Structure formats: structure tokens, C-alpha cells
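Colleague: Have a look at this fold, sequence not included:
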Ligand code: ADX
């Protein structure tokens with residue numbers, strides 16, 4: 001039997017048939033003993049009621065109350081060898097209050113709508129619940145098609161309307177499927193009434209739209225980024241113990257750990273537990289205390305991660321929030337923001353700047369302005385870490401939600417003078433490109449200091465130059481001795497550095513040049529802004545990877561030595577974050593690849609992007625230098 005399953009969250013009003021659908025799936029495909037089904041059937045008969053799928057679910061709930069453990073909020077079933085776990089997400093406030101405690105781990109959600117009644121405020125509420133749970137992909141089920149006479153026009157009407165709503169919420173509508181849960185129609189196969197429907201029935205559609213993940217795959221869980229929330233630091237005699245709970249990934253003695261937001265680093269010497277036992281690996285859910293090689297000063301609230309997979313740090317975040325208090329949200333009030341074990345004062349601002357009244361149970365997109373930087377992860381399909389939060393007053397929890405993204409100051413927003421009129425009509429990029437006989441583009445390298453960005457940039461520049469390309473390297477150190485000489489290494493200065501490099505890249509790109517930018521660019525947010533400035537089509541992110549130990553042993557400029565000796569603060573990878581790109585165009589490991597092989601991979605990538613060297617006056621391209 002496969003050890004994989006597909007996790008799906010299901011939302012929708014009970015009256016719209018969510019229970020009927022869950023009951024039906026449990027009855028038809030669940031691993032429920034026949035005798036249990038028979039028992040329920042008999043009870044129904046004795047009471048003179050017909051066995052309806054929803055009732056079947058209720059009967060289980062009753063049994064559950066009597067101590068038989070069938071959890072109706074997590075329905076397991078199997079269809080054609082595919083295992084499913086449907087997680088029921090109720091719409092009530094109690095459930096939503098608890099949601100910050102754990103992630104569903106589901107990427108896809110099912111939204112059940114009564115096709116007869118159509119979309120109501122409840123439907124939109126359920127859609128927003130999916131949003132807040134970080135479930136971005138939705139399969140909509142239009143139920144009770146039997147009741148609405150299997151009318152195609154009615155279905156299309158509901159489908160068009162719901163697709164628009166899903167998009168407006170920033171989610172993806174994977175499919176809209178007409179069904180009758182009561183009759184079990186179009187779950188596995190179409191039926192006569194729905195012969196006009198061209199799509200897949202619900203279960204094959206779910207197989208097609210979702211990916212199976214291994215159940216209890218310890219290795220996979222270990223591959224998740226480490227996130228440990230620090231609860232306390234205990235001192236016994238001379239030693240400090242850093243106690244907390246692991247909410248993602250795993251940790252073992254010998255691991256190098258990074259504390260955010262303080263930026264402190266150390267190595268784990270041992271994992272201590274109470275009562276004491278010999279623990280060589282602590283995983284998600286474990287509460288442990290770390291004994292570290294160094295006695296570092298950090299406080300409750302910090303997040304422990306690996307140095308190459310740090311959480312983000314910012315004091316402004318964008319979030320989806322549900323208000324959970326009878327007192328409406330007060331936009332002028334100061335609240336307490338809690339993320340993991342971090343607590344910080346904050347104010348809320350509506351993302352759309354429309355300060356409307358937000359009452360109990362209302363959803364709203366907000367910008368959270370915290371008084372000091374906090375660490376967090378973004379809520380996404382694989383929501384692994386510190387991506388949920390609660391908002392409190394001194395007395396109670398008043399809201400909870402998911403962190404969606406960082407706020408980015410738009411380039412226009414950063415403009416000081418309002419009296420600027422942008423000129424147009426200059427020689428166009430295509431004209432430059434036509435003259436030079438090749439296209440321009442930007443190769444944006446990112447990686448730790450000492451990873452080999454500058455070395456690779458020089459070798460690549462040579463090869464491209466020999467092949468006849470116009471090429472320009474923008475090297476971090478060199479720019480910082482000129483155009484960026486006023487900047488340091490605090491997050492704000494790095495952001496400004498990267499903004500300038502991005503604008504320089506864009507200017508050069510407009511002359512049809514191949515731009516090679518070689519800056520650490522450690523923050524994902526800054527690289528994202530660079531991508532926006534340059535344009536996604538021309539922004540090729542190259543992750544020049546190298547284990548920090550190797551960078552440290554290379555230490556070409558002696559900076560690692562200085563940083564570990566305490567002479568440099570904010571040093572990327574040591575006492576300042578390096579956030580590796582999650583989806584780079586190329587990842588080159590400079591600790592295992594030769595420079596030639598790295599250049600070859602970049603050239604091969606450019607070739608697949610349709611970038612060719614120019615034809616020279618004698619009619620040949622600079623192919624020799626160009627071919628990988
Ligand atoms: S970035 O973070 O803003 O992209 P950039 O690439 O321009 O950095 O500059 C990094 C270079 O500055 C490094 O190669 C290193 O030589 C030097 N440097 C000096 N201090 C630091 C520091 N605190 N962190 C990182 N690099 C530093």
C-alpha cells in the first residue's frame with residue numbers, strides 16, 4: 001500500500017451539503033467496517049428514517065462521543081489507490097481562534113456551494129477561511145445539481161461568479177465541478193443529468209489537481225526548514241540552556257544555528273530534555289533545550305533556524321486577518337502582536353486604506369506596523385513555520401491571521417519630488433539590440449561573501465566578451481567604493497544598495513547589454529524589488545551556492561575572520577541573515593563545480609533563453625568562445 005496521501009481542506013456551509021459530501025465519501029470510499037455501516041442503517045430503519053450520507057456522519061459523531069474514535073473532522077478515504085485526507089474546517093470562531101496553533105499542510109481546498117441557492121455571504125466567508133489557512137488553490141463543488149434540475153445555465157452562472165470571487169481573493173480556481181452529493185453523482189463518474197459537463201468528475205479532478213505527500217515521512221519533515229521558537233533561557237551555574245519548541249524541521253547536536261532577529265550564531269553541543277534522556281535528534285513538536293558551544297545573549301521570542309534558511313525579518317507585514325471580538329477593530333489603538341513566542345506592540349492599517357468598520361467575524365487585509373522588527377515566514381501552500389499570528393489587547397485575543405507578504409515601497413512611493421515628468425522618445429532597447437546583434441539581459445547572482453560571485457562574474461564576462469557580446473559586471477565591492485560608497489550593511493542600506501544596482505542594471509539593459517550583477521543580495525525582499533525594477537522577463541536569478549564553512553575557509557578578504565572576531569557586525573551568514581532564493585533560475589555549487597562548468601551552465605541557460613552571440617563583420621558568430 002502506498003504511504004502517500006493527498007491532504008485537502010474542505011469548507012462550506014453544512015446546509016450547502018458539506019456533511020453530505022463528507023458522509024458520502026466516508027460511506028463509499030472510507031475504510032469503515034461494513035458492520036458499522038449496517039448498525040447505522042438499522043438505527044435509521046428502526047427510527048423510520050432514510051439513511052442519508054450526512055446522517056451517517058452524525059451517527060459517527062455520536063459514536064465518537066461514546067468513545068469510539070472516528071474523527072469526523074479528518075475523513076480518510078481511498079479512491080483507485082489514491083489515499084485522501086479531507087480536513088473539515090468549520091466556519092465558527094472557536095475553530096479560527098485555534099487555527100494559529102497548527103498548519104493543515106494542505107495546498108488545496110474544496111469549497112462546497114449549494115448550486116440551487118447560489119453564492120451567499122457564507123460562501124465568501126468560507127473562501128476567506130481558505131485564504132487565512134494559507135490554502136491558495138481551490139476546487140469548487142457546485143452541489144445539489146439534482147435539486148436545480150441539472151441545468152447547465154444555472155451551473156455556468158454560479159461557476160463564472162465564483163471564479164471571479166476566487167481570483168479577487170488572490171487564489172487559484174482549479175476547477176468548478178457540478179455534483180449531487182446526496183445521490184453520489186459526478187463523484188467518480190458523470191451521470192445522465194450532467195452529460196453536458198465536459199470536465200472531470202470530482203475525485204479524478206482531485207487526483208489531477210493535487211499531489212500526494214508521504215505520510216509520516218520523517219525524512220521529508222526533517223528537510224523542512226528548522227524553526228524553533230525560543231521560550232526561555234535558563235541559567236544553571238555557568239551554563240545557559242536555550243529552551244523552546246520545534247515547529248518545523250529538526251535539529252541535532254553539531255548543527256550550526258542562527259537566532260533571529262538578533263543575528264547571533266552558535267553550534268549545538270547537546271539536546272537536553274526534561275526528564276533527561278539521550279536525544280540525538282529533535283523533531284517538529286518536540287520541546288527541547290539547546291546547550292550551545294557559546295554563551296550567547298538572546299531572549300524569549302527569538303526564532304532558531306539554520307543560517308542558510310532564516311525566517312524573514314521586518315517590522316511591516318501584510319496579512320489576512322479575521323476579527324474575533326464583539327468590540328470592533330479600532331484603527332487608532334495599539335495592539336499586541338504575537339508571532340511564535342514574540343510579542344510586540346503594533347498598529348493595524350487596512351491594506352486598501354479604506355478605514356471601514358470591522359466587526360466580529362469580519363475578514364480584512366491589513367498592514368501590521370510593529371514597533372520593532374519581528375521574524376516570520378510567509379503563509380503559503382507549504383506553510384511550515386511562523387506564518388500565523390494573533391492580535392491581543394491586554395486582556396484577550398481579538399484577532400488571528402496569516403502573514404502573506406512583506407509590504408514593498410513602490411519605486412514611485414520612494415520618489416521624493418512630485419514634480420518629475422518622465423521623458424520618453426530616446427533610442428529604444430530594440431534599436432540598441434539590433435545594432436549590436438544580440439539581446440540584452442540581466443544575470444543576477446546572489447550568494448554569500450566568498451561563494452565565488454566575483455570570480456565567476458569575471459570568467460563569464462570574459463567568455464561573453466570573447467563571443468562578441470556587450471557585457472558589464474556590477475560587482476558589489478566595486479560599486480560600494482563609488483556609487484554606493486555612502487552605504488553600510490544594515491538591512492535598510494542593503495535594500496538601498498540593491499535598489500541602486502537594480503536601476504543601474506535596468507539602464508544598462510536598455511542599451512542591450514548583458515548585465516552581470518554580483519552582490520550578496522541576501523534579502524529575498526530586496527531581490528524581489530530588483531526583479532520588479534528590472535522586469536521579470538530579464539531577471540535571471542543565479543544562486544551561487546557554497547557551504548558557509550567553505551566560504552569561511554576561503555575567506556579571500558579575511559572578513560570572516562574579522563566577523564567571528566567581533567570586528568564586523570551584520571556579516572551575511574554569520575550575524576546577519578542570508579535568505580537563499582527559493583526558486584532560482586540556476587543553482588551553482590561552487591564548492592563542487594569548476595568555474596568553467598559554472599560558466600558553461602550559464603551559457604547553456606542563455607541559449608535556452610534564445611540569447612545568441614552577434615555575427616561579426618566576417619560573417620561568423622563568436623561561437624567558439626560561446627559554446628559551453
Ligand atoms: S549586499 O548585501 O548589499 O548585496 P554587496 O554585495 O554590495 O552586499 O557587498 C558585499 C561585500 O562587501 C562583500 O563581498 C564583502 O567584501 C564586503 N563586506 C564588508 N562588510 C560586510 C558585511 N558586514 N556583510 C557582507 N559583506 C561585507
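Modeller: That came through, no problem. Because the structure is a prediction, the values reported are computed rather than measured.
Colleague: hang on, residue 21 in a helix?
Modeller: Yes. Under DSSP: H, G, I helix; E, B strand; the rest coil, residue 21 sits within a helix.
Colleague: quick one, what contacts it?
Modeller: Listed by C-beta atoms under 8 Å, 6 or more residues apart in numbering, the contact set of residue 21 reads 10, 53, 110, 112, 141, 143, 179, 181. The way it works is simple: take the backbone N, C-alpha and C, and place the C-beta from them, glycine included.
Colleague: got it, and residue 256?
Modeller: 265, 266, 267, 268, 306, 307, 548.
Colleague: Need those in JSON lines (columns: secondary structure, distance to residue 137 and neighbour count).
Modeller: Output for the contacts of residue 256, formatted as JSON lines (DSSP: H, G, I helix; E, B strand; the rest coil; distance: C-beta to C-beta, whole Å; neighbours: other C-beta atoms under 10 Å):
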{"residue": "265", "secondary structure": "strand", "distance to residue 137": "37", "neighbour count": "21"}
{"residue": "266", "secondary structure": "strand", "distance to residue 137": "39", "neighbour count": "19"}
{"residue": "267", "secondary structure": "strand", "distance to residue 137": "40", "neighbour count": "13"}
{"residue": "268", "secondary structure": "strand", "distance to residue 137": "37", "neighbour count": "20"}
{"residue": "306", "secondary structure": "coil", "distance to residue 137": "29", "neighbour count": "16"}
{"residue": "307", "secondary structure": "coil", "distance to residue 137": "32", "neighbour count": "20"}
{"residue": "548", "secondary structure": "helix", "distance to residue 137": "35", "neighbour count": "21"}
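Colleague: Looking at pLDDT only, which of those residues scores worst?
Modeller: Across the contacts of residue 256, the smallest pLDDT goes to residue 307, namely 87.
Colleague: Could you find the closest non-adjacent residue to that one?
Modeller: residue 258 (4.2 Å; C-beta to C-beta, 6 or more residues apart in numbering).
Colleague: Quickly list what that neighbour is bridged to.
Modeller: Beta-bridge partners recorded for residue 258 (DSSP bridges): residue 265, residue 305.
Colleague: Okay, it and residue 38: tell me how far apart.
Modeller: Distance from residue 258 to residue 38, counting by C-beta to C-beta, to the nearest Å: 58 Å.
Colleague: Of those two, which one has the most company?
Modeller: residue 258 (26 against 10; other C-beta atoms under 10 Å).
Colleague: I'd assumed residue 306 was in contact with the more buried one.
Modeller: Yes. The pair residue 258 and residue 306 qualifies as a contact (C-beta atoms under 8 Å) at a distance of 6.5 Å.
Colleague: Quick check: nearest residue in space to the residue in the chain that the ligand sits nearest to, chain neighbours excluded?
Modeller: Nearest residue of the chain to the ligand (C-beta to the nearest ligand atom) works out as residue 476 at 2.4 Å. In space, and not counting its chain neighbours, residue 476 is closest to residue 519: 3.9 Å by C-beta to C-beta, 6+ apart.
Colleague: Can you report how many residues neighbour that neighbour?
Modeller: Using other C-beta under 10 Å, the number of residues around residue 519 comes to 26.
Colleague: can you check residue 544 too?
Modeller: That count, for residue 544 with other C-beta under 10 Å as the rule, works out to 25.
Colleague: Which parts of this structure belong to which domain?
Modeller: Taking automatic domain parsing as the domain assignment, the ranges for the chain are 4-214, 218-305, 324-403, 429-626.
Colleague: Do a quick rundown of the helices in the stretch 301-450 of the chain.
Modeller: 429-436 (DSSP state H, counting those that start in this stretch).
Colleague: Flag every residue of it that's near the ligand.
Modeller: residue 449 (C-beta under 6 Å from any ligand atom).
Colleague: And the strands in the stretch 251-400 of the chain?
Modeller: Listed in chain order, the strands of the stretch 251-400 of the chain (DSSP state E, counting those that start in this stretch) span 256-260, 265-272, 282-283, 287-292, 303-305, 312-323, 335-339, 342-350, 363-376, 388-392, 397-406.
Colleague: swap in the stretch 401-550 of the chain?
Modeller: 441-446, 471-475, 514-518, 539-545.
Colleague: on that earlier part again, tell me the most buried of the strands of the stretch 251-400 of the chain?
Modeller: strand 303-305 (a mean of 27; mean count of other C-beta atoms under 10 Å).
Colleague: Which other helices and strands does that one contact?
Modeller: Strand 303-305 sits against strand 227-236, strand 256-260, with contacts defined as 3 or more C-beta pairs under 8 Å, 6 or more residues apart in numbering; DSSP states H and E.
Colleague: Around residue 170, count how many other residues there are.
Modeller: With other C-beta under 10 Å as criterion, residue 170 counts 12.
Colleague: next one: residue 34
Modeller: Neighbour count of residue 34, defined by other C-beta under 10 Å: 7.
Colleague: Run the chain-centre distance for stretch 193-209.
Modeller: Centroid displacement of stretch 193-209 relative to its chain, using C-alpha atoms, centre = their mean, to the nearest Å, is 29 Å.
Colleague: Quick one: end-to-end distance for that stretch.
Modeller: 24 Å (C-alpha to C-alpha, to the nearest Å).
Colleague: thinking again about what came up before, of all the domains of the chain, which one is nearest residue 316?
Modeller: Taking C-beta to C-beta, domain 324-403 is the member of those nearest to residue 316, at 5.6 Å.
Colleague: Quick one: mean pLDDT over the closest one.
Modeller: 89.
Colleague: measure the residue nearest to residue 307 to residue 437 for me?
Modeller: 47 Å.
Colleague: Good, we can wrap up now.
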